[in-house]
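J.: sharing a model that was predicted from the sequence below.
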Amino acid sequence: MVEEFDAAQQANQIGAIGILLGLIAIGAIIEFGPLRWARRRSISGDNLLGEVIFTALSGQALFWGVIVGLRLTTSDLLPKLSDQFRSAILFAVILSVVILMVRLATNWVRFSFARLQIGSVSLINNLLRFIGGMVITATILSFYNVPIGALLTVVAGSSVGLSLALRDPLANLFSGMTVIASSKIRPGDYVRLSSGEEGYVTDIRWSDTYIRQLSNNLIVVPNSLMTSTIVVNYSRPESEQSVLVPIGVSYASDLEQVERVVAEVGSEVMEEVEGGVPKFAPFIRYNTFNASSIDFNVILRAKSFVDQYLIKHEFIKRVRARFREEGISIPFPIRTINLNGPIPVQIQPQETEDRSQESGVEGPVSMGDNITSPPSPAAAGEGDRG
């Protein structure tokens with residue numbers, strides 16, 4: 001009789017192990033089969049809701065296969081610890097649901113920002129994770145019958161002291177939330193601060209905003225400063241912007257010809273150079289009669305702030321070559337002095353040689369000794385009268 005009972009119990013254990021392994025296998029098949037296919041299909045089809053849900057469910061099918069298998073087989077595999085395992089399984093289920101909700105929220109924010117080309121905003125993701133962590137902590141405490149009300153009372157009583165001690169971090173936190181809510185500055189924007197720093201905004205975090213310069217250096221700016229300083233955003237309201245190139249031509253130039261040639265070169269640059277706006281028609285505006293040239297600005301168009309550098313580079317090379325072909329001169333800075341009549345200066349080499357011999361100095365004599373001025377007509381007249 002005992003042997004039959006042991007055999008039956010052993011058979012039940014073997015069956016329980018089979019059920020557990022089978023449910024784990026089913027969870028793995030679902031995880032690496034339909035769920036992965038649905039996630040890829042949502043990403044390729046630009047389905048925001050599907051991408052959020054199926055990405056959050058990553059790993060959940062296998063986890064639930066293990067949980068369900070343990071729930072069904074614990075009484076057969078570990079009959080003495082079945083009650084404790086049931087409590088642990090219940091706790092794991094509650095924790096899994098909370099984690100799933102947090103992942104859904106963070107995925108929705110992350111994928112929504114990616115579609116809006118905002119980039120990664122760590123402040124929002126970390127805030128959602130913090131809220132999720134608080135919910136998880138509250139769930140654990142409630143599960144173990146820890147009074148949450150007393151803890152909340154302690155936290156509320158110390159809030160004034162905490163607010164004073166954390167004044168600067170809280171100011172940066174709320175300033176960062178203000179920057180994000182206003183949508184005036186987003187990750188990926190090219191900005192310039194009133195203090196002169198400029199670059200791409202890479203991230204907005206709890207206390208700081210990260211700006212990457214074109215030299216690949218990282219600037220860390222407190223969020224409170226981002227809300228109190230003047231910021232020029234070259235990516236808002238649109239990334240396209242005008243590019244001005246100042247040029248000067250000779251006064252002898254035909255200004256109609258100059259305008260035609262520059263417009264043709266500008267159109268070529270807009271169509272052929274990366275970063276140019278092909279549909280934009282470049283134009284020029286004369287503005288100054290300068291000392292040695294007539295100055296004007298060439299107005300081009302770039303798709304983004306950094307595209308202007310290559311556009312200027314190519315435009316200057318091409319317009320200089322075209323000016324040479326057309327005979328248009330870009331003058332050097334010069335000043336012309338007009339004198340009426342002959343220059344009243346005479347050079348007397350014989351007198352210079354005699355003076356150098358009398359002084360006993362060998363070699364050349366300075367120009368001050370070589371140059372004399374002829375007497376004025378009035379002085380010559382007085383000499384004759386004398």
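T.: Looks like it arrived, so ask away. Numbers count the residues shown, from 1 in each chain.

J.: now stretch 55-74, how far from the centre of its chain.
T.: Its chain's average C-alpha position is 42 Å from that of stretch 55-74, according to Cα atoms, centre = their mean, to the nearest Å.

J.: contacts for that stretch, please.
T.: 16-17, 19-28, 30-31, 35, 39, 81-82, 85-86, 89, 92-93, 96, 100, 103-104, 107, 111 (Cβ atoms under 8 Å, 6 or more residues apart in numbering). Using the backbone N, CA and C atoms, a C-beta is placed for each residue, glycine as well.

J.: next one: stretch 125-140
T.: Residues contacting stretch 125-140 (Cβ under 8 Å, 6+ apart): 91, 94-95, 98-99, 101-102, 105-106, 109-110, 148, 205-206.

J.: picking up where we left off before, quick one: buried ones out of the contacts of stretch 55-74?
T.: Those of the contacts of stretch 55-74 that meet the buried threshold are 16, 19-20, 23-24, 26-27, 30-31, 35, 39, 85, 89, 92, 103-104, 107, 111, by 16 or more other Cβ atoms under 10 Å.

J.: go through this protein and flag its longest helix.
T.: helix 82-115 (DSSP state H).

J.: what packs against that helix?
T.: helix 48-56, helix 60-77, helix 122-143 (3 or more Cβ pairs under 8 Å, 6 or more residues apart in numbering; DSSP states H and E).

J.: CA atoms only: put the longest one into CSV for me.
T.: The reference is to helix 122-143. In CSV, the C-alpha atoms belonging to helix 122-143 read as follows (Å, rounded to 0.1, in the frame of the first residue of the first chain):
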residue,chain,number,x,y,z
SER,A,122,15.8,61.6,-19.4
LEU,A,123,13.9,63.9,-17.1
ILE,A,124,10.5,62.5,-18.1
ASN,A,125,11.7,58.9,-18.3
ASN,A,126,13.4,59.1,-14.9
LEU,A,127,10.3,60.8,-13.4
LEU,A,128,8.1,58.0,-14.6
ARG,A,129,10.5,55.5,-13.3
PHE,A,130,10.5,57.2,-9.9
ILE,A,131,6.8,57.2,-9.8
GLY,A,132,6.7,53.6,-10.7
GLY,A,133,9.3,52.8,-8.1
MET,A,134,7.1,54.6,-5.5
VAL,A,135,4.1,52.5,-6.5
ILE,A,136,6.2,49.3,-6.4
THR,A,137,7.5,50.3,-2.9
ALA,A,138,4.0,51.0,-1.7
THR,A,139,2.8,47.7,-3.1
ILE,A,140,5.5,45.8,-1.3
LEU,A,141,4.8,47.6,2.0
SER,A,142,1.1,47.0,1.7
PHE,A,143,1.6,43.3,0.9
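
J.: quickly find the element holding residue 185.
T.: Using DSSP states H and E, residue 185 falls within no helix or strand.

J.: could you give the number of residues near it?
T.: 20 (other Cβ atoms under 10 Å).

J.: before we move on, what about residue 278?
T.: Per other Cβ under 10 Å, the neighbour tally for residue 278 reads 10.

J.: count the neighbours of the nearest residue to it once chain neighbours are set aside for me.
T.: In this structure, residue 278 finds its nearest non-sequential neighbour in residue 271, 4.8 Å apart by Cβ to Cβ, 6 or more residues apart in numbering. Applying other Cβ under 10 Å, we find 12 residues neighbouring residue 271.

J.: residue 271 sits in which helix or strand?
T.: Using DSSP H and E, the element containing residue 271 is helix 255-272.

J.: average pLDDT for that helix?
T.: Per-residue pLDDT over helix 255-272 has a mean of 95.

J.: okay, buried residues for stretch 59-69 please.
T.: Buried, per 16+ other Cβ under 10 Å, within stretch 59-69: 60-69.

J.: how about stretch 179-188?
T.: Buried, per 16+ other Cβ under 10 Å, within stretch 179-188: 179-180, 184-187.

J.: now these in a markdown table, with distance to residue 213 and pLDDT?
T.: As requested, these are exported to a markdown table (distance: Cβ to Cβ, whole Å; pLDDT from 0 to 100):
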| residue | distance to residue 213 | pLDDT |
| --- | --- | --- |
| 179 | 19 | 83 |
| 180 | 22 | 77 |
| 184 | 21 | 82 |
| 185 | 16 | 86 |
| 186 | 18 | 84 |
| 187 | 15 | 85 |
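
J.: break the protein down into its domains, please.
T.: 2-157, 175-233, 241-326 (automatic domain parsing).

J.: the ones you listed: lowest mean pLDDT?
T.: Minimum mean pLDDT among the domains of the chain: domain 2-157, a mean of 73.

J.: residue 287 falls within a strand, correct?
T.: Yes. Under DSSP: H, G, I helix; E, B strand; the rest coil, residue 287 falls within a strand.

J.: quick one: it and residue 296 touch, right?
T.: Yes. At 6.0 Å, residue 287 counts as touching residue 296 under the criterion of Cβ atoms under 8 Å.

J.: comparing the two, which residue is more hemmed in?
T.: Remark: of residue 287 and residue 296, residue 296 carries more neighbours, 20 against 11, as counted by other Cβ under 10 Å.

J.: now the more buried one, what's its secondary structure?
T.: Residue 296 - assigned by three-state DSSP - is strand.

J.: tell me how many other residues crowd residue 244.
T.: Neighbours around residue 244, by other Cβ under 10 Å: 11.

J.: now do the SS call for it.
T.: strand.

J.: who touches residue 305 in this structure?
T.: Applying Cβ under 8 Å, 6+ apart, the residues contacting residue 305 are 190, 234-235, 239, 241.
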